[in-house]
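K.L.:
Next input, structure requested:
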Amino acid sequence: MMKIQSLFVLVALIAQTAGAAQIVTISKFQYGKQWAFDKEELQLLCRADRSVFALNMSTLMQYPLNEKANSEMQSGQVKAVPVETILLDDPAIPGRKMSIAPFTARAEQLCDK
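P.N.:
Below is the predicted model:
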């Protein structure tokens, strides 16, 4: 009986988490020269509080994409790494990293769903 109750609690927690966040997969193939990351594929995640992250599913590491997410990372509310650690250099502007603006905008669209 205890195992069944534990299973129901686990299923309820998973359902609650799935309902609280929106996720979409993006890839280098989709964005071409705009692609800003050293990973071939990432997931964009919008949490219920409108914080948005890039998520690497192979490592389960999160990277903040907006100020709300960055604040949560800095305060220790979420385990994340600065997005700069996976950003590519901008070939058009030496010494500068690629822009995350298109990815932040796409992730924020998830918040409106």
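K.L.:
show me where this structure has helices.
P.N.:
2-20, 28-31, 67-75, 101-111 (DSSP state H).
K.L.:
What's the per-residue pLDDT of Ile4 here?
P.N.:
Ile4 carries a pLDDT value of 53.
K.L.:
Same check on Asp38?
P.N.:
96.
K.L.:
That one contacts Leu87, correct?
P.N.:
Yes: using Cβ atoms under 8 Å, Asp38 is in contact with Leu87, at 7.5 Å. Any C-beta I mention is one placed from the backbone N, CA and C, and that applies to glycine too.
K.L.:
Which one's more surrounded, these two?
P.N.:
A direct count of neighbours by other Cβ atoms under 10 Å for Asp38 and Leu87 places Leu87 higher, at 17 against 12.
K.L.:
do you know how far the more buried one is from Ser27?
P.N.:
16 Å (Cβ to Cβ, to the nearest Å).
K.L.:
same deal with Gly95?
P.N.:
Gly95 is 27 Å from Ser27, by Cβ to Cβ.
K.L.:
okay, the two: which has more neighbours?
P.N.:
Neighbours were counted for Gly95 and for Ser27 using other Cβ under 10 Å; Ser27 has more, 12 against 6.
K.L.:
How about that one, nearest residue that isn't a chain neighbour?
P.N.:
Glu41 (4.5 Å; Cβ to Cβ, 6 or more residues apart in numbering).
K.L.:
ok, now Ala21?
P.N.:
Nearest to Ala21 is Arg47, by Cβ to Cβ, 6+ apart, at 5.2 Å.
K.L.:
Measure how buried the one you found is and give me the count.
P.N.:
Residues near Arg47, counting by other Cβ under 10 Å: 18.
K.L.:
any idea how far Gln22 is from it?
P.N.:
Counting by Cβ to Cβ, the gap from Arg47 to Gln22 is 9 Å.
K.L.:
Repeat that for Ala54.
P.N.:
According to Cβ to Cβ, Ala54 stands 14 Å off from Gln22.
K.L.:
what touches both of those two?
P.N.:
Shared contacts of Ala54 and Gln22 (Cβ atoms under 8 Å, 6 or more residues apart in numbering): Leu45.
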